[in-house]
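Novice: just to be clear, the model below is a prediction. Sequence and coordinates:
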Amino acid sequence: MSKGTVLISGLNGFIAAVTAKYLLENGYSVRGTVRKSSSAAPLVEGPLKSYAQTGALSVVEVPDITVAGAFDEAVKGVNAIAHLASPVSFNFDDPDPIIKAAVDGTKTLLNSAVKAGPQVKTFVYLSSIVAIMTADPAPYTFTEKDWNNWAEPTVAEMGKGTPGPVIYSASKAAAEKAFWKFRDDIKPSFTQTALNPVFVIGPALIAPKTAAEVGETVRAIWNIFSGGEFPPPGLTAGLGNTVDVRDVAAQIEYSISHPEETNGERYISSAAVATAQSTADILRKAFPDAKGRIVEGTPGQGYSPDYKLLDKENVQDADGSKAKKLLKGGEYIPHEKSVIDTAKSFAHLV
């Protein structure tokens with residue numbers, strides 16, 4: 001017997017695909033939305049084929065998530081919704097369509113959820129740490145009480161000249177604010193929960209076929225593994241606070257299966273702090289044949305043995321302790337395993 005049907009928006013995304021597999025393995029049925037059915041073919045004909053054959057996995061086309069009523073058919077009969085579809089890039093150059101897609105896509109799905117009726121018990125929204133990151137100077141530790149209130153005004157002032165990371169930050173902050181405003185204004189019968197992960201690493205459900213297909217949040221690991229120079233620190237480097245995609249999937253499932261406990265809550269998913277040096281050290285040890293390719297740097301320098309924040313005076317941190325309680329055993333996947341498993345997923349490309 002299925003535990004119920006979960007609608008996952010953006011099924012072919014990195015986090016969404018892993019989440020779908022986790023839910024299916026744990027007794028749920030999954031209905032995934034994609035812009036075009038063909039984009040889900042690698043999943044349906046690949047790692048999720050057995051679930052598609054039994055009917056536990058189905059795919060629905062939603063060409064434009066911003067159109068009113070776009071999800072009306074997709075939500076019929078589902079018991080929970082995981083809204084994971086959202087534009088993700090640090091190279092955006094025009095804020096308007098990105099913010100519109102993030103905000104209107106969220107509102108559209110929420111409205112469809114209300115129309116679907118009382119069988120929809122919970123709605124989990126995948127936000128981001130950038131919706132939390134304030135402009136407070138270091139040292140500062142972000143918690144679920146914090147809100148990004150600088151990105152949207154920056155976009156309003158700069159327009160098309162806004163840097164890509166700021167556009168992305170504004171889109172996530174605006175969308176999550178719309179998510180909670182809906183709860184306050186409409187007071188739907190279903191519960192609402194937001195997850196705010198930091199950089200999500202770990203193995204993709206489908207390994208990339210080319211270097212260009214390597215996901216943006218794991219690209220820093222790819223660059224180091226493939227022999228690139230160490231990137232400078234910063235948001236766009238893809239280093240800093242990290243969490244494994246498999247943990248994010250587990251936290252989404254926990255939020256679905258414990259709706260009353262997680263109702264109205266935000267959860268920062270953050271397991272460890274990665275640096276270029278720690279990543280190189282992990283990879284050089286795990287892949288001895290790659291030692292001649294991976295930059296050595298200064299082994300052991302600049303990071304703690306448990307991969308936590310070392311420079312607490314000059315860096316902002318994120319507190320992932322609240323979200324850790326949603327995991328089986330109450331612990332995140334070890335950082336070394338996350339880095340190694342990520343590299344294994346694209347080792348065939350080197």
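Specialist: Received, thanks. Numbering: from 1, shown residues only.
Novice: pull the residues that contact stretch 41-53.
Specialist: The contact list for stretch 41-53 (Cβ atoms under 8 Å, 6 or more residues apart in numbering) reads 11-12, 17, 20-21, 24, 30, 32, 57-59, 205-206. For the C-beta atoms, the positions are set from N, CA and C on the backbone; glycine is no exception.
Novice: TSV please, covering the residues you listed and showing distance to K172.
Specialist: Listed next are the contacts of stretch 41-53 as TSV, based on distance: Cβ to Cβ, whole Å:
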residue	distance to K172
L11	20
N12	20
A17	20
A20	22
K21	24
L24	27
V30	24
G32	21
L57	28
S58	28
V59	26
L205	23
I206	25
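Novice: list the ones among those residues that fall in strands.
Specialist: Mapping the contacts of stretch 41-53 onto strands (DSSP state E) picks out 30, 32, 57-59.
Novice: identify, from these, the entry nearest to E331.
Specialist: Nearest to E331 out of the ones in strands among the contacts of stretch 41-53 is V30 (Cβ to Cβ; 26.1 Å).
Novice: hmm, back to that, report the two of the contacts of stretch 41-53 separated the most.
Specialist: Checking these with Cβ to Cβ, the most distant pair is S58 and I206, at 18.5 Å.
Novice: helices or strands up against the helix-or-strand element of the chain with minimal mean pLDDT?
Specialist: Least confident element among the helices and strands of the chain, by mean pLDDT, DSSP states H and E: strand 316-318 (a mean of 92). With contacts defined as 3 or more Cβ pairs under 8 Å, 6 or more residues apart in numbering; DSSP states H and E, strand 316-318 has these neighbours: strand 140-142.
Novice: report the buried residues of the strand it packs on.
Specialist: F142 (16 or more other Cβ atoms under 10 Å).
Novice: show me what contacts V198?
Specialist: 129, 240-243, 268-270, 318, 320.
Novice: measure it to I15 for me?
Specialist: Using Cβ to Cβ, to the nearest Å, V198 is found at 13 Å from I15.
Novice: can you check E157 too?
Specialist: Separation of E157 from I15 (Cβ to Cβ): 31 Å.
Novice: kindly report the same for I98.
Specialist: I98 is 18 Å from I15, by Cβ to Cβ.
Novice: try G161
Specialist: Distance from G161 to I15, by Cβ to Cβ: 30 Å.
Novice: for D104, same thing?
Specialist: For D104, the distance to I15 - Cβ to Cβ - is 21 Å.
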